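In: Using only what follows, build the 3D model:
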Amino acid sequence: MQIGIFAANLLMETRESIRTAARLGADGVQLWNSSGDLTPWELGKTARADLLEFIKSNGLVVSALCGDFGHGFTDPATVEEMIVKTKQVVEMAPDLETNIITTHIGVIPEDPKDKAWRTMEEALEGLGGYAEDLGCVLATETGPEEPELMERFLSTLKTGAIAINYDPANLAMNGYDPIEGVEILAGYIVHTHAKDGIRRPDGKGEEKPLGEGAVGIPEYIATLRKIGYDGFVTIERETGQDPEGDIGKAVQYLRGLI
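Out: From the prediction side, this is the model:
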C-alpha cells in the first residue's frame, strides 16, 4: 500500500500543497477537480502536462481525481448535468496518469423499484461504459448507506467500471461497521481514504484526527491487507484547526502500519 494526501485538504495553493505533501512524506496526491483551478474547463491539455511534470518532480504520483459536484445521480432534474461534468473529469485522468476518479453517487434507496435507483443505475451504466473506454474507473465513496446495500446495487450494474473509494470514517459516523464493510465490498475497492471519526450520542458524525476515532485504523489497514488491497490509502482531513499538522501526523502514523 502507498500513502496519499488529498491535496485540497491542506488549504494551500495547488503547487504549494503538492510540495507540502512531498515534504510530509506522501507517495501521491489525490486532486480536487470539481471547482477551483483544477476543473477540466480551467486546466487545459498543456496545463495538465505541466502539472503532471511538477507532481513528478516532487517525487509523487496522482492517486486519483475527485469529480464530486454535490448532487449525485439520483435526481432526474440534475442527472444529465452531473453526467456531462463527470465525463469531463474522466477525460482528464489519462492526462494526469491516473485511472481512478472518485465521487459520491447519491444515497441508494432500499427498493430497486424506486425511481432514484433506476435513475442512478442508468446514469452509472452509461458513465461506466464511458470510463471503461478510456481505461478508467469511477469510484463511489462509501458512507450514506450500509455496505450490503452498496454491494447489492453495484452488483446490478452492467459495467465493471463502477468501483469503490472506501472511506471508513463515513461509515463509522453513520453507524455502520467500517471493518466488516471492507470484506463485504472487497471486490470493488480501488482507492481508499484514511479518515477517522465517531458517531456522537445525538446521532451526528464528527471527524477526528487519524487514530482518535471509532474506525480502528490498525484493524482497517490489516483488513485491507487481508483482502489483497495494495493501492493508495489517501489521508483526508476535512475539519480541524491545523490540517497540515494533522495530516503530517497521519502520514507518520500510517507509516507504522503499512
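In: Please count neighbours and contacts with C-alpha atoms only from this point.
Out: Will do.
In: Which neighbouring elements make contact with the helix or strand residue 89 falls within?
Out: With elements taken from DSSP states H and E, the one containing residue 89 is helix 79-92. The contact analysis (3 or more C-alpha pairs under 8 Å, 6 or more residues apart in numbering; DSSP states H and E) places helix 79-92 against helix 115-133.
In: Need the residues that contact the helix it packs on.
Out: 73-76, 79, 83, 87, 90, 105, 108-109, 111-112, 137-138, 157-162 (C-alpha atoms under 8 Å, 6 or more residues apart in numbering).
In: coming back round to it: quick one: name whatever helix or strand follows the helix holding residue 89.
Out: strand 100-103.
In: Could you spell out the sheet neighbours of that next one, each with its direction?
Out: Sheet pairing for strand 100-103, assigned by DSSP bridges, gives strand 61-66 (parallel), strand 137-141 (parallel).
In: Run through who's touching the last one.
Out: To tie it back to what came earlier, the one meant is strand 137-141. The contact list for strand 137-141, computed with C-alpha under 8 Å, 6+ apart, reads 90, 99-105, 127-128, 131, 161-167, 190-191.
In: angle of it against helix 79-92?
Out: For strand 137-141 and helix 79-92, the angle between their directions (axes from the mean of the first three to the mean of the last three C-alpha atoms, to 10 degrees) works out to 120 degrees.
In: got the CA positions of strand 137-141 in PDB?
Out: Output of strand 137-141 as PDB, limited to C-alpha atoms (Å, rounded to 0.1, in the frame of the first residue of the first chain):
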ATOM      1  CA  VAL A 137     -13.000   3.500 -13.300                       C
ATOM      2  CA  LEU A 138     -15.500   5.700 -11.400                       C
ATOM      3  CA  ALA A 139     -15.200   5.000  -7.700                       C
ATOM      4  CA  THR A 140     -18.100   5.900  -5.400                       C
ATOM      5  CA  GLU A 141     -17.400   6.900  -1.900                       C
END
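In: what's the spacing between it and its chain's center?
Out: Centre-to-centre, strand 137-141 and its host chain are 7 Å apart (C-alpha atoms, centre = their mean, to the nearest Å).
In: Likewise for the first one?
Out: Remark: strand 61-66 is offset 9 Å from the chain centroid, using C-alpha atoms, centre = their mean.
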